[in-house]
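*Asks:* here are the coordinates; sequence isn't available:
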């Protein structure tokens, strides 16, 4: 049992999906336990439940019970650890609520191995060749990936985050002020990884640099834009990609936008209805991907190609291209305002979740 940290997984009645996400992130145990007023277990919510709910169109303000799994496996306080581990392995679960005779939650068993990073042979490609023109004076003499956030540059955050998930082999695609990035990272040994470089002699877009990979990887490739900061566990999007037999996977964020005015529905001259400041939902590209090595066949060597274009080519060829809905903290540093938000959030005295 995870000492008293399991109490952080308890989700009270009436909670929203957003509060369930906060519960998941607060405990770091990948599960939220929905309970009633006296602690009776009503169901569980996992990262997967959240992602499936977002794909179905659930809003963050919707009741958490809409995505709750109502019949989870549970054990009693008297169940031996060997039995618990066997049940977890047989049922492919990593957490198991402990309930008393009245089905009230009294603890949580968690497989210890779930927090141990397994070494991944997969290559991580960081797209770091852009000029970052929207950042104005910030990138005139400094490439965007080297802009300091907290106590280190953006690219160090990306590499260290991936290393924590077991990735050790990186290729950094460089062009604008690329020599500065090479000088900073070197061979990657200072960060405990191996770094090589793909040098773009002209702008190749967010996917074109993948055509320069030599030798071609034999395992799926994790790709990250060089201006993205996130609490996402990179190993999880890779596992999701593999589990779904995908050819390419794109991480997406749920984006909600409320219309500032009351909307009048019409058909011709007739009014058909009214909607007061409706809320619209969409998914936006989060700048993190997994692609199969064979996807490189859809790129021209040294030719320009953006990631959306590559995904369109794969779809046109009936290759399975899917999304990975993420709810973790995410920042795309595209403007001075984004840069300031990132620096406020990643102040040196702020602890980031691993």
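*Replies:* Yep, that arrived. Owing to the predicted nature of the structure, the values given are computational and were not obtained by experimental measurement.
*Asks:* so how far is residue 36 from residue 97?
*Replies:* Using C-beta to C-beta, to the nearest Å, residue 97 is found at 14 Å from residue 36. C-beta: built from backbone N, CA, C; applies to glycine.
*Asks:* those two: who's more crowded?
*Replies:* residue 97 (22 against 12; other C-beta atoms under 10 Å).
*Asks:* the more buried one pairs with what?
*Replies:* residue 108 (DSSP bridges).
*Asks:* could you check how far it is from residue 71?
*Replies:* Using C-beta to C-beta, we find residue 97 at a distance of 12 Å from residue 71.
*Asks:* again, but for residue 226
*Replies:* From residue 226 across to residue 71, the span is 44 Å (C-beta to C-beta).
*Asks:* looking at the two, which is more packed in?
*Replies:* When residue 226 and residue 71 are compared for neighbours, residue 226 comes out ahead with 25 against 7, by other C-beta under 10 Å.
*Asks:* residues touching the residue nearest to the more buried one when sequence neighbours are not counted, list them.
*Replies:* Ranked by C-beta to C-beta, 6 or more residues apart in numbering and with sequence neighbours excluded, the top spatial neighbour of residue 226 is residue 128, at 3.6 Å. Taking C-beta atoms under 8 Å, 6 or more residues apart in numbering, we find residue 128 in contact with 143, 144, 145, 155, 172, 173, 174, 178, 181, 226.
*Asks:* and the fifth one, how far from residue 124?
*Replies:* By that I understand residue 172. Separation of residue 172 from residue 124 (C-beta to C-beta): 9 Å.
*Asks:* now swap in the second one and tell me
*Replies:* Counting by C-beta to C-beta, the gap between residue 144 and residue 124 amounts to 18 Å.
*Asks:* more neighbours, those two?
*Replies:* Higher neighbour count among residue 144 and residue 124: residue 144, with 27 against 24, using other C-beta under 10 Å.
*Asks:* surely the more buried one and residue 229 touch.
*Replies:* No: between residue 144 and residue 229 there is no contact, the gap being 11.8 Å when judged by C-beta atoms under 8 Å.
*Asks:* where do the contact lists of those two overlap?
*Replies:* Listed as contacting both residue 144 and residue 229 by C-beta under 8 Å, 6+ apart are 154, 333.
*Asks:* where do the strands sit along the stretch 51-200 of the chain?
*Replies:* 95-99, 105-110, 120-128, 148-149, 152-153, 167-174, 194-199 (DSSP state E, counting those that start in this stretch).
*Asks:* what's the angle from the first one to strand 105-110?
*Replies:* So that's strand 95-99. 160 degrees (axes from the mean of the first three to the mean of the last three C-alpha atoms, to 10 degrees).
*Asks:* report all helices and strands that strand 95-99 contacts.
*Replies:* When contacts are defined as 3 or more C-beta pairs under 8 Å, 6 or more residues apart in numbering; DSSP states H and E, strand 95-99 packs onto strand 41-46, helix 81-91, strand 105-110.
*Asks:* got a list of contacts for it?
*Replies:* Residues contacting strand 95-99 (C-beta under 8 Å, 6+ apart): 1, 29-31, 33, 41, 44, 72-77, 79, 84, 87-88, 105-111.
*Asks:* report the buried members of those residues.
*Replies:* Neighbour counting by 16 or more other C-beta atoms under 10 Å classes 29-31, 33, 41, 44, 72, 74-75, 84, 87-88, 105, 107-110 among the contacts of strand 95-99 as buried.
*Asks:* other SSEs contacting the strand ranked longest in the chain?
*Replies:* Assignment by DSSP state E gives strand 279-291 as the longest strand of the chain. When contacts are defined as 3+ C-beta pairs under 8 Å, 6+ apart, strand 279-291 packs onto strand 221-225, strand 228-230, helix 234-243, strand 248-258, helix 307-316, strand 321-326, strand 330-332.
*Asks:* in CSV, list those along with mean neighbour count, mean pLDDT and distance to residue 301.
*Replies:* Shown next, in CSV, are the helices and strands packed on strand 279-291 (neighbours: other C-beta atoms under 10 Å; pLDDT from 0 to 100; distance: least, C-beta to C-beta, whole Å):
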stretch, mean neighbour count, mean pLDDT, distance to residue 301
strand 221-225, 25, 97, 16
strand 228-230, 21, 91, 26
helix 234-243, 18, 90, 25
strand 248-258, 18, 85, 19
helix 307-316, 17, 96, 14
strand 321-326, 20, 92, 22
strand 330-332, 18, 85, 29
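*Asks:* I am finished for the moment; much appreciated.
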